[in-house]
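Colleague: Sharing a model that was predicted from the sequence below.
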Amino acid sequence: MRQALIIGNWKMNGNLAENDRLLATISTSYDSSNGIEIVVCPPSIYMDQVSRQLSQSKIKFGAQNVSAYKSGAFTGEVSTAMLHDFSCSYVLLGHSERRSLHHESDVEIADKFSAVVQAGITPVLCVGETLVQRQSEETFAVIAEQISKVVEQVGIKAFEHAVIAYEPVWAIGTGETATPEQAQIVHALIRRQLAEYDVTIANNIRIIYGGSVNANNAHSLFKQNDIDGGLVGGASLNADAFINICQAYN
Ligand code: 13P
């Protein structure tokens, strides 16, 4: 049985006061009895604030990115050891905004994946196709390559505790969500691809969906067999919307 996972990706949003209010509301509303794992990913500058404020809560937190390197002359970067200092549990890797705006390659993403696993942190590998790629029926080829490049570089065993997030680029921040059926097809294909390497890992790995998830569409997405939760952007900045999405899992 895969535990449901809902991650809020705050992207480059928030400030001390807003974070304080958001965390206070979601941690008060968190119901540990429903078995859902909830994670927030703030900008790394707020990691200390988030770790303090969630210290008594079951809500976990993660980073939006990390360096593949341990330390040294990498201005502006944050290492896995630094994240570990704050008991950070997850790291998003290969988000489409990092791939497109920061030109992150599959090789760099795999290097980061490896560093994150070695640090005992859970990587969340983000994959997804653009609208042009979907329209030219390349969706699965694109995603299969994004996954196989990492598996071949780090080895399938490194995926034992990993998470995969399917985020169609055309659905991110656009208000246009993949239909539950469209998302389920891709999630099932990802699981089938992983099964070619290791059936147990494929069955156990959590594959979450991201791209304009909101309180109205969450339930029908989460009902799909291979959708184990959500990676939520915009709606995770609003406490009520985020709580409603978490409650939609049931
Ligand atoms: P939105 O939920 O705002 O579409 O963002 C999705 C996303 O990119 C989460 O990582």
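Modeller: Great, that's in hand.
Colleague: neighbours of residue 18, just the number please.
Modeller: Close neighbours of residue 18, defined as other Cβ atoms under 10 Å, add up to 12. In short, each C-beta sits where N, CA and C put it, glycine included.
Colleague: List the neighbours of the helix or strand hosting it that are in contact with it.
Modeller: Residue 18 belongs to helix 16-29 when assigned by DSSP states H and E. Contacts to helix 16-29, defined as Cβ atoms under 8 Å, 6 or more residues apart in numbering, come from residues 14, 38, 40, 42, 46, 49-50, 53-54, 57, 59, 237, 239-240, 242-243.
Colleague: Remind me what the helix or strand just after that helix packs against, helices and strands.
Modeller: Scanning forward in sequence from helix 16-29 by DSSP H and E, the next helix or strand is strand 37-41. Counting contacts by 3 or more Cβ pairs under 8 Å, 6 or more residues apart in numbering; DSSP states H and E, strand 37-41 packs against strand 5-9, helix 16-29, strand 60-63, strand 90-93.
Colleague: close to the ligand, is the third one?
Modeller: No - no part of strand 60-63 sits close enough to the ligand to count as contact by Cβ under 6 Å from any ligand atom; the gap is at least 11.1 Å.
Colleague: hmm, back to that, what's the PyMOL syntax to select whichever of the contacts of helix 16-29 are buried?
Modeller: Here is the PyMOL command that picks out the buried ones among these, judged by 16 or more other Cβ atoms under 10 Å:
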select buried, resi 14+38+40+42+46+49+50+53+54+59+237+239+242+243
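Colleague: filter the contacts of helix 16-29 by proximity to the ligand?
Modeller: The subset of the contacts of helix 16-29 lying close to the ligand, counting by Cβ under 6 Å from any ligand atom, is empty.
Colleague: quick one: which of the contacts of helix 16-29 sit in strands?
Modeller: In this view, the contacts of helix 16-29 that belong to strands under DSSP state E are 38, 40.
Colleague: Could you single out the nearest of the contacts of helix 16-29 to residue 103?
Modeller: Taking Cβ to Cβ as the measure, residue 103 lies nearest residue 42 of the contacts of helix 16-29, at 23.9 Å.
Colleague: my read: the closest one touches residue 14, true?
Modeller: Yes - Residue 42 lies in contact with residue 14 (Cβ atoms under 8 Å); the separation is 6.2 Å.
Colleague: The ligand contacts on the protein?
Modeller: Contact residues of the chain with respect to the ligand, defined by Cβ under 6 Å from any ligand atom, are listed as 9, 95, 167, 172-173, 210-213, 231-235.
Colleague: run the last query once more with 5 Å
Modeller: Residues of the chain that fall close to the ligand, judged by Cβ under 5 Å from any ligand atom: 9, 172-173, 210, 212, 231, 233-234.
Colleague: Reformat those residues as JSON lines; add pLDDT, secondary structure and neighbour count.
Modeller: Supplementary listing: the residues of the chain next to the ligand in JSON lines, determined by pLDDT from 0 to 100; DSSP: H, G, I helix; E, B strand; the rest coil; neighbours: other Cβ atoms under 10 Å:
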{"residue": "9", "pLDDT": "98", "secondary structure": "strand", "neighbour count": "26"}
{"residue": "172", "pLDDT": "93", "secondary structure": "coil", "neighbour count": "21"}
{"residue": "173", "pLDDT": "91", "secondary structure": "coil", "neighbour count": "13"}
{"residue": "210", "pLDDT": "97", "secondary structure": "strand", "neighbour count": "28"}
{"residue": "212", "pLDDT": "95", "secondary structure": "coil", "neighbour count": "20"}
{"residue": "231", "pLDDT": "98", "secondary structure": "strand", "neighbour count": "27"}
{"residue": "233", "pLDDT": "98", "secondary structure": "coil", "neighbour count": "23"}
{"residue": "234", "pLDDT": "97", "secondary structure": "helix", "neighbour count": "18"}
